[in-house]
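Peer 1: When you get a sec, could you give me coordinates for this:
(one chain, ligands or ions: 1)
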Amino acid sequence: MKIIIVGASGTLGQKVTEDLEKEHEVIRVGSKSGDIQADLTNPESLEEMFKKAGPFDALVCAAGSGHFGPLKEMTGEDFKKGLNSKLLGQVNLVLIGQHYINPKGSFTLISGVLSDDPIQNSVNVAAVNSAVNGFVKAAALELENGVRINAVSPGVVEDSPQLFDAFPGHKPVSMERVVYAYRKSVLGHITGQVIKEV
Ligand SMILES: NC(=O)c1ccc[n+]([C@@H]2O[C@H](COP(=O)([O-])OP(=O)(O)OC[C@H]3O[C@@H](n4cnc5c(N)ncnc54)[C@H](OP(=O)(O)O)[C@@H]3O)[C@@H](O)[C@H]2O)c1
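Peer 2: Numbers count the residues shown, from 1 in each chain. Next up is the predicted model:
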């Protein structure tokens, strides 16, 4: 399979890439790193990325950020950070990518535990994760040519210790479980699923 991995150099992306590249052709994408540079927040650069990559079998995303901060101080501009990056960025990967993906291909997006189990200061990312999950469930009904779509929704991962204090009582998730969740989406047959690893 030819697999595009957006965010391949990141904490999640590195491990997922190491796993998938053992048996598949992988194209790494990042805003600064990777085989192709593309910015999630810029639809033109995503279109360019798909043109450079050519037809592909799977698109995996392990990128996208949002705003963390107290509700009391939050502005609409702050909130747009997650909308434009983690939500619309990933939505655009699918809206544009559906015209480049091979029949029976798959999209795997990233959400996260905050949609179900929010922490302090997580309003923006919690809302965005819920929206990503909703998008995946509905898009699965309409993608054509057997193309599948799922979201991976992990808890805070063991390789992100700098986040542990912000997630009191959340048991860190092993990277192995995150890698297996991506494998389930990319290599399996499910669609419209939110694969929760918490
Ligand atoms: N870490 C966790 O515990 C955890 C848990 C649940 C969910 N998540 C979610 O998983 C995703 C990845 O998290 P992470 O911790 O692995 O992040 P990370 O270590 O900061 O890695 C981010 C990756 O995305 C790329 N990237 C950054 N901005 C980009 C842009 N504008 N366009 C395209 N690529 C961009 C980076 O490459 P460049 O530097 O080259 O741009 C890098 O490869 C996030 O959506 C996060 O919310 C993380």
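
Peer 1: Just the buried residues of the helix of greatest length in the chain, please?
Peer 2: In the chain, with assignment by DSSP state H, the single longest helix is helix 123-139. Using 16 or more other CB atoms under 10 Å as the burial criterion, the residues of helix 123-139 that qualify are 123-133, 135-136, 139. The C-beta positions use only the backbone N, C-alpha and C, and glycine is treated the same way.

Peer 1: same question, stretch 19-27
Peer 2: Quick answer for stretch 19-27 (16+ other CB under 10 Å): D19, L20, V26, I27.

Peer 1: would you turn these into TSV with secondary structure?
Peer 2: TSV is the format used below for the buried residues of stretch 19-27 (DSSP: H, G, I helix; E, B strand; the rest coil):
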residue	secondary structure
D19	helix
L20	helix
V26	strand
I27	strand
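
Peer 1: if we can go back for a sec, which one of the buried residues of helix 123-139 sits closest to the ligand?
Peer 2: V125 (6.4 Å; CB to the nearest ligand atom).

Peer 1: Isn't the closest one up against S85?
Peer 2: No - assessed by CB atoms under 8 Å, V125 is found out of contact with S85, at 10.2 Å.

Peer 1: Format the buried residues of stretch 19-27 as TSV; extra columns: distance to the ligand and pLDDT.
Peer 2: Shown next, in TSV, are those (distance: CB to the nearest ligand atom, whole Å; pLDDT from 0 to 100):
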residue	distance to the ligand	pLDDT
D19	14	98
L20	14	98
V26	13	98
I27	13	98
